[in-house]
Every structure is written in C-alpha cells, then in structure tokens.
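>>> Structure for the following, please:
(one chain, ligands or ions: 1)
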Amino acid sequence: MSRGDLRLFVALDLPEPLREALMDVQDGLGVGREVPEDDLHVTLAFLDGQNPQVVEVLHDMLSAIRMVPVRLTVKGLELFGGRRPNLVAALVEKVPELAALQEKVAQAARMAGIDLPRRRFRPHVTLLRFPGALSPEGRERIAAYMAAHGDIALDGSEAVTFSLYQSHLRAGGPVYEALARYPLTAAG
Ligand code: 2AM
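Okay, here's the model as predicted:
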C-alpha cells in the first residue's frame, strides 16, 4: 500500500437486533479488544490500499447493484488464527442471497479496476480481536465460553444495506468511516 492510498472494504451492515445479540456474546467472552457495536459487519470484499481515484468508479459500480435484503443467521462461534488465535468471529449462514451479493460486489470491484484475489467467502462477524498474545487465563476463559456457547444460533433479521468503508489504522484499533451506503430492496 503506497502513501495516499485508501484502505477500503465493502461490508454488509447488521440489523440492530443482531448487533445487540452479538454485543451480549462480546460481554460474555470478556477478553480482548471488542469491536464497537456500530462497527460490527460482514466483510463482502476487502480491497486493501487503493488509489483515491478508484473510489468514484467503485461507487458508481456499487450504486448499480440491485439485490434483495439478506436474512442473517448466526450459526456458531469460531476462534480464527489457528495456534495463535487473533480473533473470535460469529459465523454467518451463507444463504444464496448473501453468496450472490458477495459475488456482485467482487465483480463491481474488479470492474472498477481492482485486482481482487479469489478467496473462498466465509461470511462472519468479527467480535473480538487479540492484538497481543492471549494470556493463559484469556485462553481458558475463551475455551470455557466456547464449550458452553460455541454452537450459538441467532436467527436473524434482515440486512437492508451494505456500505463502502475506509479503514483508518489507529493505535487503539481501526476506525471505520462509511463513505457511502447502498440499499438492498425487496424484489418486485
Ligand atoms: P474480518 O472481516 O475478518 O474482521 C476491515 O479491515 C475488514 O476487512 C475487517 O473486517 C477484516 O476482517 C477485513 N480484512 C482486513 N484485512 C484483511 C485481509 N488481509 N484479508 C481479508 N480481509 C481482511
């Protein structure tokens, strides 16, 4: 990423009831750096550092997307990062509407000239991050919580918007700025 580049990503915005339920999970885990309630999201495309000139074209492409709202259902929690866990995420069911939206967003990014690597889409909401190594007590606490609630199921409400975000990296954690928001409207 060169100087002047913007760190961008496109994400699905979470409906209020789901955000609240996920905040309860964060409270229960009680370890690491919590993602603030307003920042909870499902990443659809991580675009990394982009020249600011790309933003306008990308915005036009994203504005042209016509897709239906996405029902968000959480099925389980997962510790990401293998032997060095770096975050806890809630896994989101990959329903056809969500898979289709993710493909459209990736296509829009490529049409805007962004070289987006092809990666399997595993929809999730990051709840907590562990910027440093986890303490043994932290590990134990997470293990106990996962044993009791790792199979959590939250039957969701509908996501009705997705957004283009700029991520500002700060010492206390990233700060997300919504550059534009796009509606998902019912068909017909
Ligand atoms: P996450 O979805 O697993 O939390 C903004 O930084 C968003 O883009 C975050 O939600 C983050 O992951 C995702 N992200 C950050 N760096 C990434 C990378 N190198 N590859 C893929 N996604 C990334």
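>>> where does the protein come near the ligand, residue by residue?
Contact residues, the chain versus the ligand (CB under 6 Å from any ligand atom): Phe9, Thr43, Phe46, Thr126, Ser167, Pro174. For the C-beta atoms, the positions are set from N, CA and C on the backbone; glycine is no exception.
>>> Show me what the closest residue to the second one other than its chain neighbours is bridged to.
What that stands for is Thr43. If you skip the residues right next to it in sequence, Thr43 has Ala11 as its closest partner in space, 5.1 Å away by CB to CB, 6 or more residues apart in numbering. The residues listed as beta-bridge partners of Ala11 by DSSP bridges are Thr43, Ser163.
>>> Out of the residues of the chain next to the ligand, which sit inside helices?
Taking DSSP state H as the definition of helices, the residues of the chain next to the ligand contribute nothing to them.
>>> which among those residues end up buried?
When neighbours are counted using 16 or more other CB atoms under 10 Å, the residues of the chain next to the ligand contain these buried positions: Phe9, Thr43, Thr126, Ser167.
>>> who's in contact with the last one?
By CB atoms under 8 Å, 6 or more residues apart in numbering, the contact list for Ser167 reads Arg7, Leu8, Phe9, Pro174, Val175, Tyr176, Glu177.
>>> What pLDDT is listed against it?
The model reports Ser167 with a pLDDT of 97.
>>> again, but for Ala133
In this model, Ala133 is scored at 85, pLDDT.
>>> Please, which helix or strand holds it?
Assigned by DSSP states H and E, Ala133 belongs to no helix or strand.
>>> Name the nearest residue to it, sequence neighbours excluded.
Arg84 (7.2 Å).
>>> any idea of the mean pLDDT in the host helix or strand of Leu18?
In this structure, Leu18 sits in helix 16-29 according to DSSP H and E. Helix 16-29 carries an average pLDDT of 96.
>>> Any idea how far that helix is from the middle of the chain?
For helix 16-29, the gap between its own C-alpha mean and the chain's C-alpha mean amounts to 15 Å (CA atoms, centre = their mean, to the nearest Å).
>>> Could you find the closest non-adjacent residue to Glu20?
Nearest-residue entry for Glu20: Glu37, 7.9 Å, with adjacent residues in sequence omitted and distances by CB to CB, 6+ apart.
>>> surely the one you found meets Arg19?
Yes. With the criterion set as CB atoms under 8 Å, Glu37 and Arg19 qualify as a contacting pair; they are 5.5 Å apart.
>>> Which one of those two is surrounded by more residues?
Ranked by neighbour count (other CB atoms under 10 Å), Glu37 and Arg19 place Arg19 first, with 17 against 13.
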